[in-house]
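>>> Below is the structure, and that's it, no one-letter string:
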């Protein structure tokens, strides 16, 4: 009887944890949709950013040059979009590209971090031992397109 009660209690706890995971997944999906929607409503560089191929991003209007694979880019903070965190090389924007064990998805890009300016800023998508921008020096990260701008010397 005690074992049945213990099993029942464990099953209840499992069901509760399962529901919590589902709720968190739903919340994460909603947050991702909000970030994507904000990115599509206009970028820091003066226009919307749209994916046109796996290696090319176009910006409009203002005639700004399009982001392309290999470009040097500035990486800006999610919490303060005026604060440049690092400089890196754009590796691509293919939504199916896996970075840190997770596909980029729409409105995200892969950047190889080369120069760090704000060491302690948390990564938006941390993975493995990479938790901060400083940790990511020399490594690829996923970053929202809205928070990436062509680096100007």
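Great, that's in hand. Not measured: the values here are computed from a predicted model.

>>> ok, residues contacting stretch 76-87?
With contacts defined as CB atoms under 8 Å, 6 or more residues apart in numbering, stretch 76-87 is touched by 44, 72-75, 113-118, 121, 124, 133, 136-137, 144, 146-149, 151. For glycine as for every other residue, the C-beta is placed from the backbone atoms N, C-alpha and C.

>>> Can you list the buried residues in it?
76-78, 84-87 (16 or more other CB atoms under 10 Å).

>>> Give me the below-cutoff pLDDT ranges for this structure.
Where the chain drops to pLDDT under 70, the residues are 29-30, 32-65.

>>> cutoff 50 now
42-63 (pLDDT under 50).

>>> ranges for the strands of it?
All strands of the chain, identified by DSSP state E, fall at 49-53, 56-59, 67-68, 72-76, 84-92, 98-99, 102-103, 108-116, 122-127, 130-132, 140-144, 148-150.

>>> Present those as CSV; the columns should include distance to residue 25.
Shown next, in CSV, are these (distance: least, CB to CB, whole Å):
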stretch, distance to residue 25
strand 49-53, 24
strand 56-59, 28
strand 67-68, 30
strand 72-76, 27
strand 84-92, 26
strand 98-99, 19
strand 102-103, 13
strand 108-116, 18
strand 122-127, 15
strand 130-132, 22
strand 140-144, 18
strand 148-150, 26
